[in-house]
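Novice: How does the following fold in three dimensions:
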Amino acid sequence: MERAFWACASGFVLGVGLVPLVPLSLSLGAFFILLALASLIAAPRAFIIPCFLCANVLGLWWAEVPLLRDAELDSALGSTATIEGVIIAEPDEREGSTRLTVELESGARVLVVGSPHVALTYGDRIAASGELGLPQAFETGEGRTFDYGGYLALSGIGYMLSFADAERITTGSFSFMGAAIALKQRYLDGLARALPEPHAGLAGGITAGEKRGLGTELGETFRVAGLTHIVVLSGYNIMIVIAFFERVFASCRRTVRLALGIGVAIFFVLMTGFAAASVRAAAMATIALFARASGRTYAALRALAIVALGMIAVNPRILLSDPGFQLSIIATWGLIMIAPLIESRLTVVTERMGLRAIVATTLGTQAAVLPLILYQSGLLSLVSLPANLLVLPAVPLAMLTSFIAGVAGIIAGPLAPFIGAPAYALLSYIIALAQSLAALPFSSLAVPPFPLSILVVFYAALILVVHARNEPQRRSN
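Specialist: The predicted structure follows:
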């Protein structure tokens, strides 16, 4: 059954990935099905081949999801237009603009780009006027192009309304997602009262996934230092929060702790607007909690595959168009499959304070994601390893003290900065370290662009090698 599962999983993912290159036709689908039947008849025991082929056809068919269009908007492209709809995602506040995802009555979605600091929230019905167009790909530097249209299509967005003026028509009604976003904003306001910038922005990033709070300059510093991942709500961050609540409520029944842990995971997903990394992390954390509560073995790799397949099934576009999803899945695979191999050979590194595990985890995840990062951005950080080794041990305590500072900012008034002093000290250490390492000569190198085929071949070879290295351990288990 395990071989059939992996055959179906790999076939489905390959089918979804091939859609831009090989659109499914009736003849192609029929050919694959006949080939699967022929292989099953010729070699009944080799059932993984028909499993793979049938799953491949399913992936090709499933991924052909057309983007919802609006005839009226299509006719107004390139001109000034007025739309009316509901804000269905958290407003994206940036330094020079606010971006609103608006769904119209027809179901079509428009990205409204307007002035910064608008007083609009999730669920509001608005009217907006601006220049209507289609999202366009743009150059990111070093010869790379970002498919912005494909990225927006992840959220079902097919149009952009630029230089827009927006006004509220009606206020949105209560919703769990709206409440989570409002609570997150109140918490971020509390951080702003307790901590100065950029400390408040970093605290919001490590505890609530608020990456935009870093700002352009500090965000680039963290990117050069290879520390951007700590500002994304990963399974690591979410499990730290869950573990904290489990300790606080250790005297409660197991079902209560399970419900609390799942509730925390769901809350983070709502708070981040269903960002791919947080959905993946929350789903895997939930599976782990169920396994622990029921006394069953937690097969992390299988859990990762199930979560990834579920996310691709819900939104096939994330496989090729969402860099966050790609990095999250590959980094977790490296953590599961590569880090243990490295840790078993790091006998020269002490196990005290979990140092060997930290080194192995850092090396495993960095080795897994490095080719993808080079393909996406072309930036090779030469200080990533020391930066992670020096920063990661401080992250759990920084998260705890930052959370306390945020709550203090809400309820403690003038005392908030004093209560937030420990968080300020830890965050200052992280920021200073990132800035020092990023400022070193040759802290990073620019890598010229290379074709997707090289990336695919590399990962195929890496998976085969890692699987072969892990096979003896898997059999002994």
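
Novice: Now do the strands in the chain.
Specialist: Under the criterion DSSP state E, the chain carries strands at the ranges 80-87, 92-93, 98-104, 109-114, 125-133, 138-141, 144-146, 157-170, 379-381, 444-446.

Novice: Which strands or helices does the second one pack on?
Specialist: This points to strand 92-93. Helices and strands touching strand 92-93, by 3 or more Cβ pairs under 8 Å, 6 or more residues apart in numbering; DSSP states H and E, are strand 98-104. For the C-beta atoms, the positions are set from N, CA and C on the backbone; glycine is no exception.

Novice: returning to what we had before: mind giving me a markdown table with the strands of the chain and columns for mean neighbour count?
Specialist: Output for those, formatted as a markdown table (neighbours: other Cβ atoms under 10 Å):
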| stretch | mean neighbour count |
| --- | --- |
| strand 80-87 | 18 |
| strand 92-93 | 14 |
| strand 98-104 | 21 |
| strand 109-114 | 23 |
| strand 125-133 | 18 |
| strand 138-141 | 10 |
| strand 144-146 | 13 |
| strand 157-170 | 18 |
| strand 379-381 | 18 |
| strand 444-446 | 14 |
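
Novice: Now distance to Tyr459 and mean pLDDT too, for the ones you listed, in a markdown table please.
Specialist: A markdown table is the format used below for those (distance: least, Cβ to Cβ, whole Å; pLDDT from 0 to 100):
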| stretch | distance to Tyr459 | mean pLDDT |
| --- | --- | --- |
| strand 80-87 | 38 | 94 |
| strand 92-93 | 31 | 84 |
| strand 98-104 | 32 | 93 |
| strand 109-114 | 32 | 94 |
| strand 125-133 | 36 | 94 |
| strand 138-141 | 22 | 77 |
| strand 144-146 | 19 | 82 |
| strand 157-170 | 29 | 93 |
| strand 379-381 | 17 | 87 |
| strand 444-446 | 21 | 87 |
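
Novice: okay if I get those strands as a markdown table plus distance to Val224?
Specialist: As requested, those are exported to a markdown table (distance: least, Cβ to Cβ, whole Å):
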| stretch | distance to Val224 |
| --- | --- |
| strand 80-87 | 34 |
| strand 92-93 | 24 |
| strand 98-104 | 26 |
| strand 109-114 | 28 |
| strand 125-133 | 33 |
| strand 138-141 | 14 |
| strand 144-146 | 17 |
| strand 157-170 | 30 |
| strand 379-381 | 6 |
| strand 444-446 | 5 |
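
Novice: Leu462 is nearest to which of the ones you listed?
Specialist: Evaluated with Cβ to Cβ, those place strand 379-381 nearest to Leu462, the distance being 17.2 Å.

Novice: In its sheet, which strands sit next to the closest one, and in what direction?
Specialist: Strand pairing for strand 379-381, determined by DSSP bridges: strand 444-446 (antiparallel).

Novice: Can you pull out the residues in contact with the partner strand?
Specialist: Taking Cβ atoms under 8 Å, 6 or more residues apart in numbering as the criterion, the residues outside strand 444-446 that touch it are Glu142, Val224, Gly378, Leu379, Leu380, Ser381, Leu382, Val383, Ala438.

Novice: what's the closest of the strands of the chain to Leu392?
Specialist: Proximity to Leu392, assessed across the strands of the chain by Cβ to Cβ, is greatest for strand 379-381 (15.0 Å).

Novice: Could you single out the nearest of the contacts of strand 444-446 to Ile410?
Specialist: Out of these, the member with the shortest distance to Ile410 (by Cβ to Cβ) is Ala438, at 32.9 Å.

Novice: contacting residues around that closest one?
Specialist: Going by Cβ under 8 Å, 6+ apart, Ala438 touches Thr221, Phe222, Val224, Ala225, Val383, Ser444.

Novice: any idea how far the second one is from Leu397?
Specialist: Pointing back at Phe222 there. Taken as Cβ to Cβ, to the nearest Å, the spacing of Phe222 relative to Leu397 amounts to 19 Å.

Novice: who's more crowded, these two?
Specialist: More neighbours sit around Phe222 than around the other of Phe222 and Leu397, counting by other Cβ atoms under 10 Å; the figures are 24 against 13.

Novice: Quick check: that one touching His229?
Specialist: No. Contact status for Phe222 versus His229: not in contact, 9.0 Å apart, counting by Cβ atoms under 8 Å.

Novice: follow-up on the earlier one: so which of the strands of the chain is nearest Ala412?
Specialist: With Cβ to Cβ as the measure, strand 92-93 is the member of the strands of the chain nearest Ala412 (25.5 Å).

Novice: Would you give the sheet partners of the closest one, along with the direction of each?
Specialist: The strands that strand 92-93 pairs with in its sheet are strand 98-104 (antiparallel) (by DSSP bridges).

Novice: Could you check how far the strand it pairs with is from the centre of its chain?
Specialist: Strand 98-104 has its average C-alpha position 21 Å from the chain's average C-alpha position, going by Cα atoms, centre = their mean, to the nearest Å.

Novice: Identify the residues contacting that strand?
Specialist: Where contact means Cβ under 8 Å, 6+ apart, the residues beyond strand 98-104 that reach it are 70, 73, 83-89, 91-92, 109-118, 120, 126, 128, 155, 157, 166.

Novice: again with stretch 395-402
Specialist: With Cβ under 8 Å, 6+ apart as the criterion, stretch 395-402 contacts 191, 195, 203, 206-207, 230, 236-237, 240-241, 244, 420, 422-423, 426-427, 430.

Novice: swap in stretch 329-348?
Specialist: In this structure, residues lying in contact with stretch 329-348 by Cβ under 8 Å, 6+ apart are 229, 234-235, 280, 284, 300-301, 304, 308, 356-357, 359-361, 363-369, 372, 459, 466-467, 469-470, 473.

Novice: looking at the strands of the chain, which is closest to Ala416?
Specialist: strand 92-93 (22.3 Å).

Novice: one step back: out of the contacts of stretch 395-402, which are buried?
Specialist: Applying a neighbour-count criterion of 16 or more other Cβ atoms under 10 Å, the buried members of the contacts of stretch 395-402 are 191, 195, 203, 206-207, 230, 236-237, 240-241, 420, 423, 426-427, 430.

Novice: what's the lowest-pLDDT member of the residues you listed?
Specialist: Per-residue confidence over the buried ones among the contacts of stretch 395-402 reaches its minimum at Tyr236, where pLDDT is 61.

Novice: Neighbours of Leu301, how many?
Specialist: By other Cβ under 10 Å, the residues close to Leu301 number 14.

Novice: Setting aside sequence neighbours, what's the nearest residue to it?
Specialist: When the adjacent residues along the chain are set aside, Leu301 lies closest to Ile336, with 5.2 Å between them (Cβ to Cβ, 6 or more residues apart in numbering).

Novice: residue ranges for the helices of the stretch 151-300 of the chain, please.
Specialist: Assigned helices in the stretch 151-300 of the chain, in chain order: 176-194, 199-208, 215-225, 235-248, 254-271, 276-294, 300-314 (criterion: DSSP state H, counting those that start in this stretch).
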